[in-house]
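Colleague: give me a 3D structure for the following:
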Amino acid sequence: MNPVRSSAGIGTLADPVRQELYLFVSAQPGPVSRDQAAEAIGIARHKAKFHLDRLESEGLLEAVYARLTGRTGLGAGRSSKLYRRAAREFAVSLRHALAEAQRELVCHMNHALITGLVESVAPPQVEARWEPGDNRCCVSLAMEGQTGGRSG
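Modeller: Coordinates of the predicted model:
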């Protein structure tokens, strides 16, 4: 995974409209259309399209195509672009003299930071775990009830 692209993807959520769209899409049990997302957060369809496509290009959402009319065959119309939360994982690793000298303090600060980020932008099933390893500070993200997480 490209670390610069990972940071940009997370940074995309700094925009309040994108964050709200991401939270809405992530909370749905299945893929959602542009119209559903726009209506849910009270914005115009063209604005939802722009932000949803940006979230997709950054790897935070995935697109699938399906016909919403229920019709099949010739004349059934064009498939709609639907969005769902991507299965993508993010990893952030920073080396610094302070981290080496004050490992426990920095580990707890990182855990608090990532926990706050997860609580504000991730689906409720995601949790940040404090799991330090040898010569590193490690906060991992995992689905609730899952053993072992992804290092951050």
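
Colleague: now the residue nearest the centre of the chain: how far from residue 111?
Modeller: Centroid-nearest residue in the chain, with CA atoms, centre = their mean: residue 60, separated by 4.7 Å. As for residue 60, its distance to residue 111 is 23 Å (criterion: CB to CB, to the nearest Å). Every C-beta, even on glycine, is put in place using the N, C-alpha and C of the backbone.

Colleague: check residue 37 too.
Modeller: The separation that residue 37 has from residue 111, given CB to CB, amounts to 32 Å.

Colleague: these two: who's more crowded?
Modeller: Set side by side, residue 37 and residue 111 show unequal neighbour counts under other CB atoms under 10 Å, the larger going to residue 37 at 24 against 20.

Colleague: what is the mean pLDDT for stretch 80-96?
Modeller: Per-residue confidence for stretch 80-96 averages out to 76 on the pLDDT scale.

Colleague: which ones are touching residue 84?
Modeller: Shown in contact with residue 84 (CB atoms under 8 Å, 6 or more residues apart in numbering): 25, 28, 30, 31, 32, 61, 62, 64.

Colleague: who's it bridged to?
Modeller: Taking DSSP bridges, one finds residue 62 as the beta-bridge partners of residue 84.

Colleague: what's the answer for residue 128, then?
Modeller: With beta bridges defined as DSSP bridges, residue 128 has these partners: residue 141.

Colleague: how about the strands in this structure?
Modeller: All strands of the chain, identified by DSSP state E, fall at 32-33, 61-66, 80-85, 126-130, 139-143, 150-151.

Colleague: go through the ones you listed and name the closest to residue 18.
Modeller: Across those, the minimum distance to residue 18, taken as CB to CB, is reached by strand 61-66, at 9.8 Å.

Colleague: got the CA positions of that closest one in PDB?
Modeller: Once non-C-alpha atoms are left out, strand 61-66 reads as follows in PDB (Å, rounded to 0.1, in the frame of the first residue of the first chain):
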ATOM      1  CA  LEU A  61     -15.800   3.500  -1.000                       C
ATOM      2  CA  GLU A  62     -16.300   0.800  -3.700                       C
ATOM      3  CA  ALA A  63     -18.700   1.100  -6.600                       C
ATOM      4  CA  VAL A  64     -21.000  -1.700  -7.900                       C
ATOM      5  CA  TYR A  65     -23.500  -1.500 -10.700                       C
ATOM      6  CA  ALA A  66     -27.100  -2.900 -10.600                       C
END
